[in-house]
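*Asks:* show me the folded form of this:
(2 chains)
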Amino acid sequence: MFKPLKLLLSTASLLLASQQPAFSAEPVKFALCYDLTKAYTFITPQIAQSVRDYAEVLNAKGGIEGHPIEIIVQDHGNEPQRGIECYEKVKQMGAITVDFLSTPVSRAVLPRAMKDGTVMVQALAGRGDAVDGDVFKWVFTLGPTYWGQAANIVGAYKKQSGDSLKGKKIAFLYIDYPFGQEPIPVLQELQKREGFDLQLFPYPLPGNDQSAAWSQLRRFQPDLIIHWAFSAMHVVAAKEAKRNGISLDKMITVNWFNEVDLANIGADAAKGLRKSSVVVSGTAHPLMQQITKELYDKGKGNGDRKFLGDTYYNVGLSIYAPVFEAARLAIKADKWPLTPEKMRKGMESLKNFDADGLVPPLTITAKDHGGGGKTRIDMWDGTKWVAQTDWSADYSDLVWATVKKYSAEFSKAGQ
Amino acid sequence: MFYRQAGTHHTTYRAAQRLFPIPFDRWQIGALLVIGLVAPFLIAPLYLKSYVLPWLIWTGAALGLNLILGWAGQFHFGYAAVMGIGAYTAVHATRGGIPFEIALVLAGAVATVIGCAFAITALRVRGLYLALSTLALQFVLDWVINKVPAVSGGTQATIQAPTMRLLGIQVVSDAGQYYVALFWCALVTLFMLNLRRTGLGRALVAVREKDFAAAVIGVNSFYYKLTAFAMSSFIGGVSGAILIFTFYHAVTPEQFTVNVSIQVLAMVIVGGLGSVIGCYFGVAFILLLPGIVANLIFAAANAMQLKIGIELLAHIPSLLYGVLIIGFLLFEPLGLAKIYSNLRNYLIYWPFGYERK
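*Replies:* Alright, predicted model coming up:
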C-alpha cells in the first residue's frame, strides 16, 4: 500500500514545486480550504472568486508592500479528515492564514491551529466564542457572532418600534441543528430584559418541510419573525409564508441570504424582506467598480461574471479586505519575512478599518477578534437592497457574557 | 513465483494451522511491521499525520464493522454511532479525571452495552429490516448528541479532548500518537486474523451462511449474533476514542453522523467482505483516495497553467472517484481483497497456471 501512495504523493509535490512565481519578491500566501463540492457550495464559489479577484487587483498595484498575494484554494468536501490534511499541507506551503468556512471542519482544525500558532480566519462559521481573543489567540472571526447578529436584530427592531418591545410578539424560526439553535440563549435573555413575547419554531433538517412550524407560527401571529436559515430553506419559508397569509415584510433573516435565493423567491414576491448584513450589497462600491473594470471587462475574472453583485461575493471581500490590510500593517511595522506572530499582531492593530465603506468599521484588539460585531438591516425594495439602519452593535454586554461563558469552558478543557 | 511452497512440509497439526503457512507471507508481514515501526522516521510529518495516521485508525474501525458484516453477515448501518458513543464516553471520562487507559476500556464497554441493547431488538429481524433497525440506532444517537447539552457540550457542540496520558506519560508528539494508533490497529488485525481459526469464528461464518441451518447443526445463532455485535461494538467504541485522542483532539457531533456510517460501510464493501487485508485497501480507497486524486488534479491544472474554474476543478475528482469505484467493482465485485488474492494465487502457481484449473 505504501508504494503507490508515496508515488502519487511525490508526483503531486513535484508538480506543485515546478510552479514558478511571477514576481521577484516572495509571495504572501493565504489558504482557502473550502468545501467546494458538498454542503457549502451555495457560498464558497462566490467567496473564493471574490478573494482571488481582489488579490489580482491588488497584485496589479504592486501587491502587499511589494509582495504579491498568492491565494491557495483547495476543496475539503466538508470532511474534517480532509480539512486537517489541507491544513497540514498549506501550513507546510507557508500559508500565513488558513480559512475553512465550514463549521465541522473549523471545529476539527481549531485545536491544531491553536497548538501550532497558525492564524486562522473563521468568519461567520465555526465556534462563535472564538471572537474572544483572550482565549482564542490565533483565531479571527472578523465580524459578528450569531449571538451578536441576533442581538443586533432585536436592537434594530426596538429602535424601529419606539424604543420599547413590551408586549411585542417575536417568533424565532430556525433550522433545528447547532447553527439554528445558537442564538436561542441570547434571545431568551433579551426576552427577560425587554419583556417581549418570544416563541421558538424549529423545523428539521434539511429544511424542506416547514409546514408544521408555519402553521403554529400562524396561530402565534408574530409582529416580527427572526429567521435563521440559508439557501433553499428561504425559498420554502417564502412559500409557507404565502400559504399561511403572513407577509414577508415581518421577517428579518440572518446574513445568509443572497441574490440566488432572491431570484428563487421572485424579486417582487420578496419585496419588504429584511436581512442582517455584514457588508454593503450590490456593485456600486468603488472596489467592485474597480474589479469589474480591471478584470471582468477585460475577460480576466476568476469566475462567472453573474456573481458580481451577489451578496456572498461581497462577503468574500468583507472577510479578506481586513486580512490583506492586516498583512500590510504587519509587513510595514515588522518587516519581511512575515511570521504568524507578526500577522497576528497585524490583525490586532486594525483600527476603524472599513475598506472605504465596504464593511462596518472594524477595530480588532487582543481581546476582541470580531472587530466590534456591527451589522445593519437591509431591506429588499423590489429592485435593490436599501439600508434601514446604520452599522451598530447592540447589547454588547449580553453578547460578551455569552461569549465568555463558552470560551471559559474551552480554556478549562484545553489544559 | 515468490510464494514457493516447495520444501514446506506440514509435519505437525500446529504447523498446518499457522496463521501464515507460506514462508513468503511471513516475510511480507514482518517487513510491513518493520516499515510500520520506522514509519515516523521515514515519512514526512505531513503524510504521517494526515494520511497514515487516519488510515490506521479507520482500518481498526473498519475491521470491527467487517466482523459483524463480513463474518457474522449482519447489516450494520449505525457503526459511526457506536464509534461516537466510544468517543464521547472516553472524552467525558478523561475530563472527569479517569486515566486514559481505563477511559478507553470504558469507551469500549459503554459502546458494547448500547450497541447490544439495540442489537437485541434488531436481532429479531433479518436482512433489510435489520439494516433499518441499526439505522435507527444512528438516528437516535444523533438526536441524543444534538439535544442533550450534557453530552454534546452545549451550543458550541464541541468538546476538547484532554492531552492523552499513557501510563502517566503525556503523548503529544506525532510519532507517539502514531504508535498508539498503530498498536491498536495491529491488535485488532491480530484478533481478526485469529478469529478465523477459532470455533467462535467458524460459528459466526455458519450463522452468516444460513442462520437456521446453523441452528440445525447446534450453533445458537442468537447467542453468536449477539456476541458478534458485542465484539464489533467494543472495537468500534475504542476506535472512536482513539480517533478523537490521536487525530481530531476534539469531539463534535458531525464526526459521527449517518454519512460516516455509510462511509465505513463502503470501506468494508469496497475492500472485501470478510477480509482483513481488504479493510486496509478499502480504507485507503474510500478515505485517502478522494484527497489524493483532488491534489493530483489541482497540481496538474496548476502545472499546465489551465484556467479552469475552481468549482469545476473541485468536482472533477469526485467524478473520477465515482468512475474508479464503479470500475473496481465491475472488474472485481468481491472487492479489492479479491484482486489481491487473485494476484497472489497467480504468483503461487506461476508458471504452472494450468494447475489452478
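*Asks:* the residue in the stretch 51-200 of chain B that chain A sits nearest to: how many residues sit nearby?
*Replies:* Scanning the stretch 51-200 of chain B for proximity to chain A using C-beta to the nearest C-beta identifies B:Gln160 as nearest, at 4.0 Å. Any C-beta I mention is one placed from the backbone N, CA and C, and that applies to glycine too. Neighbour count for B:Gln160, taken as other C-beta atoms under 10 Å in any protein chain shown: 22.
*Asks:* wait, a strand at A:Ile252?
*Replies:* Yes: the assignment for A:Ile252 by DSSP: H, G, I helix; E, B strand; the rest coil puts it in a strand.
*Asks:* spatially, which residue comes closest to A:Gly180, not counting chain neighbours?
*Replies:* Once flanking residues are discounted, A:Gly180 sits nearest to A:Tyr174: 3.3 Å by C-beta to C-beta, 6 or more residues apart in numbering or on different chains.
*Asks:* got the contact list for that neighbour?
*Replies:* Going by C-beta atoms under 8 Å, 6 or more residues apart in numbering or on different chains, A:Tyr174 touches A:180-181, A:183, A:200-203, A:227-229.
*Asks:* give me every residue that touches the residue most central in space within chain B.
*Replies:* Geometric centre of chain B, nearest residue: B:Ala62, 1.6 Å, by C-alpha atoms, centre = their mean. When contacts are counted by C-beta under 8 Å, 6+ apart, B:Ala62 touches B:264, B:267-268, B:271, B:279, B:282-283.
*Asks:* of those, which is the nearest to chain A?
*Replies:* Taking C-beta to the nearest C-beta as the measure, chain A lies nearest B:Val283 of the contacts of B:Ala62, at 9.7 Å.
*Asks:* and the gap between that closest one and B:Met1?
*Replies:* Noted for B:Val283: a distance of 28 Å to B:Met1, by C-beta to C-beta, to the nearest Å.
*Asks:* the more surrounded of those two?
*Replies:* Neighbour comparison, B:Val283 and B:Met1: the larger count goes to B:Val283, with 30 against 10 (by other C-beta under 10 Å).
*Asks:* A:Cys33 and A:Glu88 touch, don't they?
*Replies:* No: using C-beta atoms under 8 Å, A:Cys33 is not in contact with A:Glu88, being 10.4 Å away.
*Asks:* how many neighbours does the spatially closest residue to A:Pro80 that is not a sequence neighbour have?
*Replies:* In space, not counting the residues next to it along the chain, A:Pro80 is nearest to A:Ala108; the distance is 3.6 Å by C-beta to C-beta, 6+ apart. Neighbours of A:Ala108 under the rule other C-beta under 10 Å: 29.
*Asks:* same question, the one 5 residues further on
*Replies:* With neighbours defined by other C-beta under 10 Å, the count for A:Ala113 comes to 23.
*Asks:* go on, B:Met304?
*Replies:* B:Met304 has 10 nearby residues by other C-beta under 10 Å.
*Asks:* and A:Lys293, how far from B:Ala16?
*Replies:* From A:Lys293 to B:Ala16 the distance is 81 Å (C-beta to C-beta).
*Asks:* actually A:Thr402, not the one I wrote
*Replies:* Relative to B:Ala16, and taking C-beta to C-beta, A:Thr402 is found at 68 Å.
*Asks:* pull the distance from stretch B:120-128 to the chain's centre.
*Replies:* 23 Å (C-alpha atoms, centre = their mean, to the nearest Å).
*Asks:* measure that stretch end to end?
*Replies:* End-to-end distance of stretch B:120-128 (C-alpha to C-alpha, to the nearest Å): 16 Å.
*Asks:* residues of that stretch that come out buried?
*Replies:* B:122-123 (16 or more other C-beta atoms under 10 Å in any protein chain shown).
*Asks:* likewise for stretch B:27-46?
*Replies:* Residues of stretch B:27-46 classed as buried by neighbour count (16+ other C-beta under 10 Å): B:36, B:39-40, B:43, B:46.
*Asks:* show me which of those neighbour chain A.
*Replies:* B:43, B:46 (C-beta under 8 Å from any C-beta of the partner chain).
*Asks:* run through the strands of the stretch 201-350 of chain A in chain order.
*Replies:* A:224-228, A:251-253, A:274-277 (DSSP state E, counting those that start in this stretch).
*Asks:* do the same with chain B
*Replies:* Assigned by DSSP state E, the strands in chain B fall at B:159-160, B:164-166, B:169-171, B:250-251.
*Asks:* most packed of those?
*Replies:* Stretch with highest mean neighbour count among those: strand B:250-251 (a mean of 26; mean count of other C-beta atoms under 10 Å in any protein chain shown).
*Asks:* pLDDT of that strand, averaged?
*Replies:* Averaged across strand B:250-251, pLDDT comes to 88.
*Asks:* roughly how far is it from the heart of the chain?
*Replies:* Centroid separation between strand B:250-251 and its chain, computed with C-alpha atoms, centre = their mean, is 20 Å.
*Asks:* what is that strand packed up against?
*Replies:* Counting contacts by 3 or more C-beta pairs under 8 Å, 6 or more residues apart in numbering or on different chains; DSSP states H and E, strand B:250-251 is packed against helix A:103-116, helix B:79-95, strand B:159-160.
*Asks:* residue numbers of the stretch 251-357 of chain B in contact with chain A?
*Replies:* Within the stretch 251-357 of chain B, the positions adjacent to chain A are B:252-255, B:280-281, B:284, B:287-288, B:290-292, B:294-296, B:298-300, B:302-303, B:309-311, B:314-315, B:317-318 by C-beta under 8 Å from any C-beta.
*Asks:* and with 6 Å instead?
*Replies:* For the stretch 251-357 of chain B, the residues in contact with chain A (C-beta under 6 Å from any C-beta of the partner chain) are B:252, B:254, B:284, B:291-292, B:294-296, B:299, B:302-303, B:309-311, B:314-315, B:318.
*Asks:* give me the buried entries from the residues you listed.
*Replies:* B:252, B:254, B:284, B:291-292, B:294-296, B:299, B:310-311, B:314-315, B:318.
*Asks:* gap between the host helix or strand of A:Asn59 and the chain center?
*Replies:* Using DSSP states H and E, A:Asn59 maps to helix A:44-60. Mean-position distance between helix A:44-60 and its chain equals 16 Å (C-alpha atoms, centre = their mean).
*Asks:* closest residue of the stretch 151-300 of chain A to chain B?
*Replies:* Residue nearest to chain B within the stretch 151-300 of chain A (C-beta to the nearest C-beta): A:Pro178, separated by 4.6 Å.
*Asks:* which residues touch that residue?
*Replies:* By C-beta atoms under 6 Å, 6 or more residues apart in numbering or on different chains, the residues touching A:Pro178 are B:Ala157.
*Asks:* can you name the two of the buried ones among the residues of the stretch 251-357 of chain B next to chain A that sit furthest apart?
*Replies:* Spanning the widest gap among these are B:Thr252 and B:Ala299, at 30.5 Å by C-beta to C-beta.
*Asks:* what does the domain assignment say about chain A?
*Replies:* Following automatic domain parsing, chain A resolves into domains at A:25-144+A:283-373, A:146-277+A:376-395.
*Asks:* do you know the pLDDT at the nearest residue to B:Ile316 once chain neighbours are set aside?
*Replies:* Leaving aside its sequence neighbours, B:Ile316 sits nearest to B:Ile297 (C-beta to C-beta, 6+ apart; 5.4 Å). Per-residue confidence (pLDDT) for B:Ile297: 85.
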